[in-house]
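**Student:** quick one: sequence and predicted model below, then my questions.
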Amino acid sequence: MTSSLSLSPSFSKSKYVIEEYHNIYKQPSLENMTFKAEDFKNILGQVTIYNPDKWKYVNFYFFEQKPEIFKENQKLYSILHLSLEK
């Protein structure tokens, strides 16, 4: 399993997260794989986790203000607590 991570300095203000699932179409190699990502406004962070064994990947987008969900493959969650190392 592999991932990518991009967090803003304001990440600790995150109150909502969108979880977005995608399928990876079977191919001989994932070496040059590009992952689709939404272009949300006011994003505080993005995490992409992919598992080539299951041929799926998930994007997580973090927000301070409640975003609008507009796709079938997206779920919105409220963040109750973030444990961050200082």
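**Tutor:** Great, that's in hand. Numbers count the residues shown, from 1 in each chain.

**Student:** which residue lies nearest the spatial centre of this protein?
**Tutor:** residue 60 (1.9 Å; C-alpha atoms, centre = their mean).

**Student:** wait, what's in contact with it?
**Tutor:** Residues near residue 60 by C-beta atoms under 8 Å, 6 or more residues apart in numbering: 17, 18, 19, 20, 45, 46, 47, 48, 49. No exception for glycine: its C-beta is placed from N, CA and C like everyone else's.

**Student:** let's see it at 6 Å
**Tutor:** Contacts of residue 60 were listed using C-beta atoms under 6 Å, 6 or more residues apart in numbering, and they are 17, 19, 47.

**Student:** out of those, which comes closest to residue 26?
**Tutor:** Nearest to residue 26 among those is residue 19, at 23.1 Å by C-beta to C-beta.

**Student:** report pLDDT for the spatially most distant residue from the centre of the chain.
**Tutor:** In the chain, residue 28 marks the outermost C-alpha relative to the chain mean, sitting 24.9 Å out by C-alpha atoms, centre = their mean. At residue 28, the predicted lDDT confidence score is 75.
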